[in-house]
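[1] using only what follows, build the 3D model:
(one chain, ligands or ions: 2)
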Amino acid sequence: MANVSVIGAGSWGLALARRLCKNGHDVTVWSHREEGVRELREQHENRSKLPGVILPEEIQYTSSLEQAIVGKDLCVLAVPSVYTRSTAEQMKPFVTDGQIIVSVAKGIEESTLMIQTDIISQVLPQVNAAVLSGPSHAEEVGRDIPTTVVAGAADRETAEYIQNLFMSESFRVYTSPDMLGIELGGALKNVIALAAGVADGLGCGDNTKAALITRGIAEMSRLGVAMGGHIETFNGLTGIGDLIVTCSSRHSRNRKAGYLIGQGRTMQEAMDEVQMVVEGVYSARAARILAVKYGIDMPIVNEVNKVLFENKTAREAMADLMLRDKKIEHPELPWKK
Ligand SMILES: NC(=O)c1ccc[n+]([C@@H]2O[C@H](COP(=O)([O-])OP(=O)(O)OC[C@H]3O[C@@H](n4cnc5c(N)ncnc54)[C@H](O)[C@@H]3O)[C@@H](O)[C@H]2O)c1
Ligand SMILES: O=P(O)(O)OC[C@H](O)CO
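    Ligands and ions are numbered 1, 2, ... in the order given. Predicted coordinates for the structure are as follows:
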């Protein structure tokens, strides 16, 4: 059994801490708030982030990063992606050579366009950065609803170590060497999920949702492959799989924020109302910059940006997407005549 920690006590960090503890590991959870630590010790539940999921009494809680990191076989980094860099900076004095840090956040850093494991490796070059991602809402993982994810690492041994640590009868873990593809899928799907939510908010239907998911994965794959990710990854759990769950689920924060925008709220009003992390808002800007940099056509990402940041109405954005230049669905396919 391993001695592990989860850095970040939001819904995802706690659902994973519970999974690891139920798998028999010693688990310490770090929260950046002393008050959060006290509540978790007393209540064994985060009533605002993950209500109804009671955590095993064996889990330890701390607000000391030293306690959460020193001597741990593996640390899961589960703070929202906008805090990955600042948290990694604070972890610096305590990490050791080769220590496994598993990123579970989904986002592209706006100022650097970097994925999470690259940020971790830049700030903490001595660690072994890996990723765990896939269609996995905390609300379901916390209730042992069957879920499948992917552990990505630079070497097979690390990926299999993570797989063994997390795997259970309700949490199936695959392995993959394509960390870049995994992370781009996780970040970009949030932008498309905002669009799917907007469509729901406008009162569109299932046809619209299917169109956004299908054309969305086409955009994500084009960019991801141009950046060095593998097409198989975008066709898998961390690509189309995560896109489907985020665009369809009642648990999705990104879809919910999009829904509110579709109903007429501003971006800020929607984020305030969701009260949890809406990472698609940050990744949307990064995705648009990357699309320009790599010369990739990303019409849905573009329209999401215009609605979020340029006061374009959701209805106008939808109309403009529908009336873009006429296209061939798969230009690479040959005609018979
Ligand atoms: N919730 C899910 O179902 C889910 C599933 C897969 C991946 N993720 C990813 O996990 C990451 C965390 O999401 P979440 O849903 O747990 O978020 P959340 O909104 O539930 O919780 C965010 C947590 O971040 C912490 N935090 C706030 N400010 C901080 C700071 N300055 N430094 C460090 N920590 C701070 C807070 O204590 C809070 O508990 C995100 O990147 C998300 O994409 C979430
Ligand atoms: O669906 P969201 O927007 O809550 O994002 C959470 C996770 O990425 C789902 O896998």
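
[2] how about residue 66: what's its closest non-neighbour residue?
    residue 94 (5.2 Å; C-beta to C-beta, 6 or more residues apart in numbering). (C-beta placed from N, C-alpha, C; glycine too.)

[3] next, the one you found: phi, psi?
    phi -110, psi -20 (degrees, to the nearest 10).

[4] distance of it relative to residue 85?
    Distance, residue 94 to residue 85, using C-beta to C-beta, to the nearest Å: 16 Å.

[5] ok, back up a step: what about the residue nearest to residue 66, how many neighbours?
    18 (other C-beta atoms under 10 Å).

[6] ok, residue 121 next?
    If we define neighbours as other C-beta under 10 Å, then residue 121 has 18 of them.

[7] in this structure residue 198 contacts residue 316, no?
    No - Residue 198 lies out of contact with residue 316 (C-beta atoms under 8 Å); the separation is 11.4 Å.

[8] more crowded one of the two?
    residue 198 (29 against 12).

[9] which ones are touching the more buried one?
    258-259, 261-262, 304, 307, 314, 317-318 (C-beta atoms under 8 Å, 6 or more residues apart in numbering).

[10] now the lowest-mean-pLDDT helix or strand in the chain: how far from the chain's centre is it?
    Sorting the helices and strands of the chain by mean pLDDT, DSSP states H and E puts helix 267-274 at the bottom, at a mean of 92. Relative to its parent chain, helix 267-274 has a centroid offset of 19 Å by C-alpha atoms, centre = their mean, to the nearest Å.

[11] list the helices and strands that helix packs on?
    The contact analysis (3 or more C-beta pairs under 8 Å, 6 or more residues apart in numbering; DSSP states H and E) places helix 267-274 against helix 253-262, helix 299-309.

[12] how about 7 Å then?
    Contacts defined by 3 or more C-beta pairs under 7 Å, 6 or more residues apart in numbering; DSSP states H and E place helix 267-274 against helix 253-262.

[13] buried stuff in the helix it packs on?
    253-262 (16 or more other C-beta atoms under 10 Å).

[14] and the longest helix anywhere in the chain with helix 253-262, angle?
    Counting by DSSP state H, the longest helix found in the chain is helix 179-202. Orientation of helix 179-202 against helix 253-262 (axes from the mean of the first three to the mean of the last three C-alpha atoms, to 10 degrees) gives an angle of 30 degrees.

[15] who in the stretch 201-337 of the chain is up against ligand 1?
    276-277, 279 (C-beta under 6 Å from any ligand atom).

[16] and which of those is nearest to residue 155?
    Relative to residue 155, the closest of these is residue 279; by C-beta to C-beta it sits at 27.9 Å.
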